[in-house]
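Engineer: Okay, sequence plus prediction incoming.
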Amino acid sequence: MGGRHWFPIPLGAIIAKRDVDATAITKWATESVNYAWAHPDETKEYVMDHAQELSESVANAHIDLYVNEFSASLGEDGFQAIENLLGRAMKQGLVPEFDLSKIRN
């Protein structure tokens, strides 16, 4: 593919003002993901309660697609995906310009 690097598509984010305790948010998010992985039946029940399509196979596919290693930690590929997406959006004027390096802080 001509040297192009393919990134995962960022589907969501937790965004907070800088004066909010990032450590507390990180702890809460990590505990939530770990709880969901430790209790898959409860996770599936929640998805089924909120899904428009009530098929169990659709719920399983949703969980498998959207709950993955990036849910626990973005890692380098995750950060690069967000920087790439937002950088391209800034160039197109779709989002206000800002310092992309602040994403990692």
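Structural biologist: Structure's in. What do you need?
Engineer: Contacts for stretch 46-63, please.
Structural biologist: With contact meaning Cβ atoms under 8 Å, 6 or more residues apart in numbering, stretch 46-63 is reached by Pro40, Thr43, Lys44. (Glycine included, C-beta is placed from N, CA and C.)
Engineer: domain ranges for the protein?
Structural biologist: According to automatic domain parsing, the chain comprises the domains 21-71, 74-105.
Engineer: By mean pLDDT, show me the worst of those domains.
Structural biologist: Across the domains of the chain, domain 21-71 has the smallest mean pLDDT, namely a mean of 83.
Engineer: Pick out the residue nearest the middle of this protein.
Structural biologist: Nearest to the mean C-alpha position of the chain, by Cα atoms, centre = their mean, lies Gly12 at 4.5 Å.
Engineer: Against Leu86, how distant is Ser71?
Structural biologist: 20 Å (Cβ to Cβ, to the nearest Å).
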